[in-house]
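**Student:** Need a 3D model of the following:
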Amino acid sequence: MENSERLYELRGREDWRNPYPSYKKLRDHDPVHHVNHERYGDFWVLSRFQDVFDAVRDTETFCSSKGLTPDVDAMDSFEGSAAPIVMMDPPEHTDFRRLVSHLMTPRKVAYIEDEIRSFVNTRLDEIEEHGEVDIVEELFKPLPSFVVAHYLGVPVTDRVLFDKWTNEIVAGNAEGELGNMSSTFELFEYASNLFDRRKSEPGEDLVSILAQAGESKVSTMWAVGFVFTMITGGNDTTTGLLGGAAELLTISRDQRQILIDNQMQIRESIDEFLRLTSPVQNLARTTTHDIGINGTIIPEGHKVMLLYASANRDEREFGFDSEVLNVRRKVKKMLSLGYGPHHCLGASVARTMGTVALECLLDRCPDFSVDAEKGRFAPGAFVRRYEYLPFSSGAHR
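**Tutor:** Numbers count the residues shown, from 1 in each chain. Modelled structure (predicted):
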């Protein structure tokens, strides 16, 4: 048996280049893997689809309220009232989720699809003029920032500052830090003021809904925490999806042609792109009692890393071609957006951004390519995304 460092490691930057062979070794040889980490101590890693799928739905056994990283002290920096929604368990998690979920249903998201398409096309106008660009900087990073600002109700006049803060905070979050401290404090102050303003001047955005709920349900601190959750959870994950999808379409020309020939297929293929890219590669839960999985006992109170990216490529669930792009694949279940109580609030938004971006790219630049070998991955042990990815528009229509 190979040692822990070879079978599983907390990755970042160049280590994200190709983690998939090690994931397969885990699935095949040690699906309930024990790690003795020099910094975080003992934790366990689940890598098979069924095991991870069962764990994300069982919030009574695998709780989120102890943090989503292997650090046992992960929640020390949060006051009880300020814990992000992703680090809550039912029923508290369910109550807060109910406040905002109706704004992110597929029907509601459909109303902003034209705005997203306009944004993407405006960016592509600039990209086509240059021919070769960093597609992350020019499109894949600005797009989710634009959409998050829309949902939070950030006025258009404030978008430039908001984008600056967002970029610096996302970068810092990937480094495992708070990022640029001045940006963090500036955004904290801005979000607090926006929350207070929406109490008397409500709109139809998420911050307004939280402000109108009243202090007894939503404190200023919790609302600000929600803003930060939207930024860190909604930005780099979508960037990861789009960068990974562009790489897959550069490699798999036959699959690209299927989408060019039938653009209606793009919307149906987004879950396949989400499955293979798995922007959030892994997150942790904490066991609330001893639990037996595949003949191994994981003790109560231990962190368990749920390896979504491995589960999403498990041959036991997706068949012999599980690691190959198939845009016609009918994906019934996958873990890129969570499942059960912690299913991603922004799932419909993410799918819409992915659909529109690929539709516009393939329509206007059907011969585009990205140079993955020259691409550079972002730091951070949980989200796999390019922070730099050379793009050539090719011969466009």
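
**Student:** Can you show me the helices along the stretch 1-150 of the chain?
**Tutor:** Listed in chain order, the helices of the stretch 1-150 of the chain (DSSP state H, counting those that start in this stretch) span 4-7, 20-29, 49-57, 92-100, 106-110, 113-130, 135, 142-152.

**Student:** Residues contacting the longest one, please?
**Tutor:** Around helix 113-130, the neighbours that count as contacts under Cβ atoms under 8 Å, 6 or more residues apart in numbering are 133, 135, 138-139, 142-143, 146-147, 150, 352-353, 356-357, 359-361, 364-365, 391, 393, 396. The way it works is simple: take the backbone N, C-alpha and C, and place the C-beta from them, glycine included.

**Student:** Are any of those buried, and if so which?
**Tutor:** 133, 135, 138-139, 142-143, 146-147, 150, 352-353, 356-357, 359-361, 364-365, 391, 393 (16 or more other Cβ atoms under 10 Å).

**Student:** Inside strands: which ones of those?
**Tutor:** Among the buried ones among the contacts of helix 113-130, the residues falling in strands (DSSP state E) are 133, 391.

**Student:** To residue 334, which of the helices of the stretch 1-150 of the chain lies closest?
**Tutor:** Comparison of the helices of the stretch 1-150 of the chain against residue 334 by Cβ to Cβ identifies helix 49-57 as nearest, at 8.7 Å.

**Student:** Would you quantify the distance from the most centrally placed residue in the chain to residue 139?
**Tutor:** For the chain, residue 237 is the residue whose C-alpha lies nearest the centre (Cα atoms, centre = their mean; 3.0 Å). Noted for residue 237: a distance of 16 Å to residue 139, by Cβ to Cβ, to the nearest Å.

**Student:** now residue 250
**Tutor:** Distance, residue 250 to residue 139, using Cβ to Cβ: 15 Å.

**Student:** And residue 157, by the same measure?
**Tutor:** Taking Cβ to Cβ, one finds residue 157 at 23 Å from residue 139.

**Student:** same check, this time on residue 20
**Tutor:** Using Cβ to Cβ, residue 20 is found at 26 Å from residue 139.

**Student:** How about residue 230?
**Tutor:** According to Cβ to Cβ, residue 230 and residue 139 sit 20 Å apart.

**Student:** And the next helix or strand past the longest helix seen in the chain?
**Tutor:** Using DSSP state H, we find that the single longest helix of the chain is helix 220-251. As assigned by DSSP states H and E, the chain's next helix or strand after helix 220-251 is helix 253-261.

**Student:** just how off-centre is the helix or strand that comes right after that next one within its chain?
**Tutor:** For helix 253-261, the following helix or strand on the C-terminal side (DSSP H and E) is helix 264-277. Centre-to-centre, helix 264-277 and its host chain are 15 Å apart (Cα atoms, centre = their mean, to the nearest Å).

**Student:** Show me what helix 264-277 is packed up against.
**Tutor:** For helix 264-277, the packing partners by 3 or more Cβ pairs under 8 Å, 6 or more residues apart in numbering; DSSP states H and E come out as helix 220-251, helix 253-261, helix 347-364.

**Student:** quick one: it to helix 20-29, angle?
**Tutor:** 70 degrees (axes from the mean of the first three to the mean of the last three Cα atoms, to 10 degrees).

**Student:** going forward can the numbers begin at 572, since that is how I track them
**Tutor:** Happy to do that; since the first residue is 572 now, the last one works out to helix 835-848.

**Student:** Low-confidence stretches in the protein?
**Tutor:** 572-577, 645-655, 740-752, 787, 966-968 (pLDDT under 70).

**Student:** let's see 90
**Tutor:** Flagging of the chain using pLDDT under 90 yields the residue ranges 572-581, 583, 607-612, 635-683, 699-703, 716, 719-808, 908-918, 950-953, 964-968.

**Student:** Test my guess that residue 947 contacts residue 957.
**Tutor:** Yes. Residue 947 lies in contact with residue 957 (Cβ atoms under 8 Å); the separation is 6.7 Å.

**Student:** Give me the more crowded residue out of those two.
**Tutor:** Applying other Cβ atoms under 10 Å to residue 947 and residue 957 shows that residue 957 carries more neighbours, namely 25 against 14.

**Student:** can I assume the more buried one is in contact with residue 945?
**Tutor:** No. At 10.3 Å, residue 957 does not count as touching residue 945 under the criterion of Cβ under 8 Å.

**Student:** What about residue 937, how many residues nearby?
**Tutor:** Using other Cβ under 10 Å: residue 937 sits among 16 other residues.

**Student:** if you skip the residues just before and after it, what's nearest to it?
**Tutor:** Nearest residue to residue 937, sequence neighbours excluded (Cβ to Cβ, 6 or more residues apart in numbering): residue 831, at 5.3 Å.

**Student:** Distance to residue 838 for the helices and strands packed on helix 835-848 - can I get that in JSON lines?
**Tutor:** Output for these, formatted as JSON lines (distance: least, Cβ to Cβ, whole Å):
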{"stretch": "helix 791-822", "distance to residue 838": "13"}
{"stretch": "helix 824-832", "distance to residue 838": "10"}
{"stretch": "helix 918-935", "distance to residue 838": "5"}
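
**Student:** What residues does residue 675 make contact with?
**Tutor:** 722, 916, 917, 918, 919, 920.

**Student:** Look up how far residue 909 lies from the third one.
**Tutor:** Applying Cβ to Cβ, the value for residue 917 to residue 909 is 11 Å.
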